[in-house]
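Novice: The sequence and its predicted three-dimensional model are supplied below.
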Amino acid sequence: MSASTVPASQAPAAEGPTLARSIGPFQLFAYTLGGMLGAGIYGLVGRAAGELGSAVWLGFLVAMVAALLTGLSYASLGSRYPHAGGAATIAQRAFARPLLTWVVGLAVMASGLSSVATQSRVVAENLLRLAGLEGVPTLVLALGFLLIICGIVLRGIQESMWVNILCTTVEAIGLVLVIIVGIPYWGSADLLETPGNEGIGLSFLMTGAILTFFAFIGFEDTINVAEEARDPRRTLPFGIIGAMLAATVLYIAVAITAVSVVPWQELSAAPGPLAEVMARAAPWLPGWFYVAITVFAVANTALLNYVTASRLVFGMARQGLLPKPLASVHAGRRTPHVATLALLPVLVALVLAGDISQLAAATVLLLLAVFTVVNVALLVLQRRPGERKGGFEVPWPVPAAGALVCAALLLNRLGTGDWRAPALAGALLAAILLGYAVLRPKVTEETLPAA
């Protein structure tokens with residue numbers, strides 16, 4: 001029997017210590033929300049206003065519907081197979097093609113690691129701005145930050161969760177404050193005004209969805225910690241869906257506030273759109289306030305991506321796709337300590353490489369391809385006789401529509417005319433394939449705990 005068809009209840013018992021099931025429903029909710037509420041929303045509102053005018057809020061609403069299709073698929077799959085390894089584990093279970101599993105796993109890992117490295121430098125730059133330190137190399141602070149988050153991830157999943165809750169709370173407070181100070185301005189703008197008064201049609205809505213869809217990326221990280229959640233068949237869907245709905249409410253309210261306080265034409269030209277909103281609606285707020293929030297938001301994104309990458313490495317090693325020692329669990333801390341430490345030199349190398357923003361953009365393309373594969377995987381598993389059901393099931397049109405939406409977004413990104421990100425994505429994919437050809441990993445029976 002292949003690893004892809006072993007029911008979780010029949011999976012062999014893991015030898016040695018296992019990951020601790022200690023994550024509650026609120027922590028899962030905060031984990032998902034924290035993954036989405038990154039610093040990107042602080043700049044995305046301005047870019048979106050330039051394309052959508054005062055109707056920018058509508059773009060977030062349509063994007064939520066598009067993103068929720070894939071979010072529902074992840075919620076269903078997580079309730080079926082609450083195991084570390086995330087998309088890689090699901091791809092192997094659905095298709096039983098080690099090469100595809102390898103590509104999916106390393107694509108997600110590349111996205112996470114490039115994000116951690118990029119955010120480490122951003123944290124360092126903002127800390128220098130906050131402290132007014134001159135002469136301190138950004139690189140030193142970035143590497144120091146990497147060591148701190150590595151230590152948190154090593155310490156335990158509960159420690160990582162509580163740090164995430166703190167950072168997510170600060171991020172949310174920053175957005176809520178924008179809404180509160182801007183509410184008196186509500187009603188002062190035509191919320192359906194578009195550039196050139198082109199009207200709101202299907203093409204307009206698609207443009208808005210494509211632009212703002214990426215504000216919701218981050219929900220996919222949650223499935224990687226499902227094995228450490230209590231009652232994941234119930235709590236994981238709650239965490240993903242609840243967080244996506246909460247993020248949508250925040251995004252729409254922030255968008256309405258932004259165009260109400262600052263005309264959309266000026267908002268789109270502002271280097272810091274929400275900082276401009278606060279400067280007009282709350283001039284009493286010190287200028288460093290949003291710099292500090294940015295530090296929390298970016299640090300949180302880096303932490304969550306480090307957790308995700310470590311669990312992905314752990315899950316792939318357990319399948320036999322990566323060296324077996326990477327599947328070790330610390331007896332005391334119950335964390336994948338070898339996988340966590342193995343990622344550190346890779347991250348240090350990425351930080352030392354300098355500006356890897358193009359690499360981060362390239363991995364977004366690979367992530368859209370992974371979303372497409374995951375949606376198709378759910379379709380396959382739903383139709384497989386004898387395949388276990390989850391605690392949260394969705395009808396087949398949901399993953400079918402999710403796959404189509406993600407494939408359309410991928411094609412749109414490829415057709416933007418900017419060849420750098422697609423070329424780098426192609427090079428990264430070629431490197432992943434070369435790694436498979438050289439290492440020839442063998443998939444073994446998954447030693448996953450029963451759900």
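Specialist: That came through, no problem. Numbering: from 1, shown residues only.
Novice: what about the helices in the stretch 201-350 of the chain?
Specialist: For the stretch 201-350 of the chain, the helices defined by DSSP state H, counting those that start in this stretch occupy 202-212, 232-261, 264-269, 273-281, 289-319, 337-352.
Novice: highest average neighbour count across the ones you listed?
Specialist: helix 289-319 (a mean of 25; mean count of other Cβ atoms under 10 Å). C-beta coordinates here come from the backbone N, C-alpha and C atoms, glycine included.
Novice: need the helices of the stretch 201-350 of the chain in TSV with distance to V103 and mean pLDDT, can you?
Specialist: Formatted as TSV, these follow (distance: least, Cβ to Cβ, whole Å; pLDDT from 0 to 100):
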stretch	distance to V103	mean pLDDT
helix 202-212	25	78
helix 232-261	24	94
helix 264-269	38	90
helix 273-281	37	89
helix 289-319	11	91
helix 337-352	18	94
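Novice: low pLDDT regions in the chain?
Specialist: 1-15, 39, 133-134, 416-417, 444-451 (pLDDT under 70).
Novice: Could you identify the longest helix within it?
Specialist: Identified as the longest helix of the chain according to DSSP state H is helix 98-131.
Novice: In that helix, which residues are buried?
Specialist: For helix 98-131, the neighbour count (16 or more other Cβ atoms under 10 Å) marks 98, 100-128 as buried.
Novice: cool, and stretch 373-386?
Specialist: Buried residues in stretch 373-386, defined by neighbour count with 16+ other Cβ under 10 Å: 373-382.
Novice: would you turn the residues you listed into TSV with distance to M278 and secondary structure?
Specialist: Output for the buried residues of stretch 373-386, formatted as TSV (distance: Cβ to Cβ, whole Å; DSSP: H, G, I helix; E, B strand; the rest coil):
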residue	distance to M278	secondary structure
V373	41	helix
V374	38	helix
N375	39	helix
V376	43	helix
A377	43	helix
L378	42	helix
L379	45	helix
V380	48	helix
L381	47	helix
Q382	47	helix
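Novice: Let me see the ranges of the helices in the stretch 51-200 of the chain.
Specialist: Secondary structure of the stretch 51-200 of the chain (DSSP H, counting those that start in this stretch): helices at 56-80, 86-95, 98-131, 138-155, 157-182.
Novice: And the ones you listed: which comes nearest W419?
Specialist: Relative to W419, the nearest member of the helices of the stretch 51-200 of the chain by Cβ to Cβ is helix 98-131, separated by 18.7 Å.
Novice: packing partners for that closest one?
Specialist: Judged by 3 or more Cβ pairs under 8 Å, 6 or more residues apart in numbering; DSSP states H and E, helix 98-131 is in contact with helix 86-95, helix 138-155, helix 289-319, helix 337-352, helix 357-382, helix 420-439.
Novice: show me the contacts for I217.
Specialist: 36, 67, 364, 367 (Cβ atoms under 8 Å, 6 or more residues apart in numbering).
Novice: Please name the nearest non-neighbouring residue to the first one.
Specialist: Of all residues beyond its chain neighbours, the one nearest M36 is G218 (4.1 Å), with distances taken as Cβ to Cβ, 6 or more residues apart in numbering.
Novice: can you give me phi and psi for that neighbour?
Specialist: Main-chain torsions, G218, degrees, to the nearest 10: phi 130, psi -20.
Novice: I'd like the buried residues of stretch 373-386 as JSON lines, with distance to I223 appended.
Specialist: Formatted as JSON lines, these follow (distance: Cβ to Cβ, whole Å):
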{"residue": "V373", "distance to I223": "13"}
{"residue": "V374", "distance to I223": "9"}
{"residue": "N375", "distance to I223": "13"}
{"residue": "V376", "distance to I223": "16"}
{"residue": "A377", "distance to I223": "12"}
{"residue": "L378", "distance to I223": "12"}
{"residue": "L379", "distance to I223": "17"}
{"residue": "V380", "distance to I223": "17"}
{"residue": "L381", "distance to I223": "14"}
{"residue": "Q382", "distance to I223": "17"}
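Novice: List just the nearest of those residues to L192.
Specialist: N375 (32.2 Å).
Novice: From what I see, that closest one and S73 are in contact.
Specialist: Yes - the criterion here is Cβ atoms under 8 Å, and N375 meets it with S73 at 5.0 Å.
Novice: Identify the contacts common to the two.
Specialist: Common neighbours of N375 and S73 (criterion: Cβ under 8 Å, 6+ apart): 399, 402.
Novice: The longest helix of the chain vs helix 337-352, what angle?
Specialist: Between helix 98-131 and helix 337-352, the angle comes out at 60 degrees (axes from the mean of the first three to the mean of the last three Cα atoms, to 10 degrees).
Novice: Specify the angle between helix 98-131 and helix 289-319 in degrees.
Specialist: Using the same axes, to 10 degrees, helix 98-131 lies at 160 degrees relative to helix 289-319.
Novice: ok, back up a step: can you tell me which of the helices of the stretch 201-350 of the chain is nearest to R413?
Specialist: R413 lies closest to helix 202-212 among these, at 8.1 Å (Cβ to Cβ).
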